[in-house]
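Participant: Give the three-dimensional model of this entry:
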Amino acid sequence: MCKEGTVTTTLGALPKAALSKGNVNVTWEELAQHNTSEDLWVAIRGKVYDLTSYQQRHPGGKHFLQLGAGRDVTHLFEAYHPLSVLDSNILDKFEIGTLKTQEYHTYPPMSPFHRTLKKRVYDYLNSRKVDAQYTVWGVQLFRVALLVGAVFGFYALSALAPVVLPEPLATCTPLHLLFATLAGAARALVGLHTMHDSSHGACGNKPGLWTICGVLSNDFANGSSYYGWLHQHILGHHQYCNSIGVDPDVRPFPFRLGGHQEWRWYHRYQFIWGPLVYSLLSVLHRIEDFTFISEQKWDTIRMAPFTHEHKVYFWSGKAFFFFWQLVLPGLLGVPFWHMLMVHAVAEAVGSWYLAISFQANHVAEETEFQPIDSAGHCKQDWAEMQARTTQDYGHGSLLTFYLTGGLNYQVVHHLLPGVSQLHYKDIQPIVKQTCEEFGVKYNHMPSFAAAVSSHLRHLYQMGLPPKAKAN
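Facilitator: Okay, the predicted model is just below:
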């Protein structure tokens, strides 16, 4: 319900003429009701816009607008668009009112730091006549084919080895385990490269291709929901990085990640058992996929409408993954114990690879958790908090760059999520220089090993009983 003067009415019943006057005053709960393709409202910096008629014209495609429907998308809008869009009046004709309450905490207006960084990076890319999303299709398609081919190829060589390889290779278990390890690494790499860039709209400039690559890389190659990932990663993690209670990536249980959390006895050795738990990431994610569609939320992030298209991707991906991983080997005569062995190894390796890469970026000695006051505000600029809650490592190492999908430039990625990872090495000096000029903390470790060590030391420190830590 909302009030217009002394008249209280249902939002959906308001005539278009009334909406166009910009006099609708809504709560976030009321905004959330307008979350379909037929009725698509968003809020940006306290203003509410009806973008229902704009979906087909949106350069970033209709799917991203529909993902943000019924939400405050301030930080997504400002993070993914250049200043030429942010400073334009493109949204004015869609404005219908104001947002009077907030679902999550808010940040101050864009800082001079954030605006200067955006201008410098986009000016640099324009001067080189390259697109921020890296629309060199030969490179993009080759990357997809190589990584997806590696996922299926290495798994076939491990799971089907007893029936497709000649003797003595068909009975060489160490070789099969090696192929399973490579299959797990390939599954992590296709997630870090193709799926991750696609979810940010940074894999070329064709929205349809983003969806195809994302679904192929996650639903079909990894058995996890791409739609769920968009909620967890884009709506949750990137908007509210390292914000306890909002960012799904830093849910406390079973870990103690910060001093604000209550200490439990099992935290004492979390630096030892933590990395072992990371090997279960893929299994836990698939379980959460079903929790996601049953509870219609990913942790605290509300689920956007589960359309027929998303249902097809979800269920066909689950069926295909289950078939090629666990059914096909048996149909071809592979012993059950062998199939189970190589599947478990690939799962553990891929899960650990992904988890430790992400944790080294955000949960370490130098990274911070967002300070939110009692009124639900973060007093620091959104971009500054992105820098303070993330960590780079291994600059200059091509091997580290390719093995992490460019996410060793995590500060760069969080500040400019709509820019392809293939540009990170080139724009990193601009980001670092701008941070230094504005006094913004820039976290960097010399290598992947140093970043992982920092993560483990952080787990150790947070696992100490409060009194022991104080001494």
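Participant: Where in the protein is the helix or strand with the lowest mean pLDDT?
Facilitator: Taking mean pLDDT, DSSP states H and E as the measure, the helix or strand of the chain with the lowest value is strand 7-9, at a mean of 34.
Participant: Please tell me I have it right and Gly223 contacts Lys318.
Facilitator: Yes: contact status for Gly223 versus Lys318: in contact at 6.6 Å, counting by CB atoms under 8 Å. Where C-beta positions appear, they are placed from N, C-alpha and C, glycine not excepted.
Participant: quick one: Phe77 and Tyr49 touch, right?
Facilitator: No: checked against CB under 8 Å, the pair Phe77 and Tyr49 is beyond contact range at 9.9 Å.
Participant: ok, these two, which is more surrounded?
Facilitator: More neighbours sit around Tyr49 than around the other of Phe77 and Tyr49, counting by other CB atoms under 10 Å; the figures are 21 against 18.
Participant: Who does that one form a beta bridge with?
Facilitator: Val42, Glu95 (DSSP bridges).
Participant: Could you tell me which residues make contact with it?
Facilitator: For Tyr49, the set of contacting residues under the criterion of CB atoms under 8 Å, 6 or more residues apart in numbering consists of 41-43, 91, 94-96.
Participant: any idea of the pLDDT on it?
Facilitator: Tyr49 is assigned a predicted lDDT (pLDDT) of 96.
Participant: That one and Arg143: what is the separation?
Facilitator: Between Tyr49 and Arg143 the distance is 36 Å, computed by CB to CB, to the nearest Å.
Participant: Also Pro305?
Facilitator: Between Pro305 and Arg143 the distance, using CB to CB, works out to 32 Å.
Participant: higher neighbour count, those two?
Facilitator: Counting neighbours by other CB under 10 Å for Pro305 and for Arg143 shows that Arg143 has the greater number, 20 against 13.
Participant: And what about the more buried one, helix, strand or coil?
Facilitator: Arg143 carries the three-state label helix when classified by DSSP: H, G, I helix; E, B strand; the rest coil.
Participant: Now do the contacts for it.
Facilitator: 193-194.
Participant: pLDDT value on it, please?
Facilitator: Each residue has a pLDDT score; the one for Arg143 is 83.
Participant: Go ahead and confirm Ala346 touches Ala156.
Facilitator: No: with contacts defined as CB under 8 Å, Ala346 does not count as touching Ala156, sitting 11.5 Å away.
Participant: These two: who's more crowded?
Facilitator: When Ala346 is set against Ala156 and neighbours are counted by other CB under 10 Å, the residue ahead is Ala346, at 28 against 16.
Participant: so which helix or strand takes in that one?
Facilitator: Ala346 is part of helix 336-362, with elements assigned from DSSP states H and E.
Participant: Pull out the buried positions in that helix.
Facilitator: Residues 338-339, 341-343, 345-362 are the ones in helix 336-362 that count as buried (16 or more other CB atoms under 10 Å).
Participant: what's it packed up against?
Facilitator: helix 137-159, helix 161-164, helix 173-190, helix 270-278, helix 281-295, helix 328-331, helix 448-463 (3 or more CB pairs under 8 Å, 6 or more residues apart in numbering; DSSP states H and E).
Participant: Quick one: these as CSV, columns for distance to Gly236 too.
Facilitator: Formatted as CSV, the entries for these read as follows, by distance: least, CB to CB, whole Å:
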stretch, distance to Gly236
helix 137-159, 25
helix 161-164, 40
helix 173-190, 21
helix 270-278, 19
helix 281-295, 12
helix 328-331, 34
helix 448-463, 21
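Participant: Quick one, which of these gets closest to Pro109.
Facilitator: Among the helices and strands packed on helix 336-362, the nearest to Pro109 by CB to CB is helix 448-463 (32.1 Å).
Participant: and that closest one, average pLDDT?
Facilitator: For helix 448-463, the mean per-residue pLDDT is 96.
Participant: could you dump it to PDB, C-alpha only?
Facilitator: Coordinates of each C-alpha in helix 448-463 appear next as PDB, following Å, rounded to 0.1, in the frame of the first residue of the first chain:
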ATOM      1  CA  PHE A 448      49.100 -16.800  -4.500                       C
ATOM      2  CA  ALA A 449      51.000 -18.800  -1.800                       C
ATOM      3  CA  ALA A 450      51.400 -15.600   0.300                       C
ATOM      4  CA  ALA A 451      47.700 -14.800  -0.100                       C
ATOM      5  CA  VAL A 452      46.700 -18.300   1.000                       C
ATOM      6  CA  SER A 453      49.100 -18.100   3.900                       C
ATOM      7  CA  SER A 454      47.500 -14.800   5.000                       C
ATOM      8  CA  HIS A 455      44.100 -16.500   4.800                       C
ATOM      9  CA  LEU A 456      45.200 -19.400   7.000                       C
ATOM     10  CA  ARG A 457      46.800 -17.000   9.500                       C
ATOM     11  CA  HIS A 458      43.500 -15.100   9.700                       C
ATOM     12  CA  LEU A 459      41.600 -18.300  10.400                       C
ATOM     13  CA  TYR A 460      44.100 -19.200  13.100                       C
ATOM     14  CA  GLN A 461      43.900 -15.800  14.800                       C
ATOM     15  CA  MET A 462      40.100 -15.800  14.600                       C
ATOM     16  CA  GLY A 463      40.100 -19.300  16.100                       C
END
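Participant: Having no further points to raise, I will conclude here.
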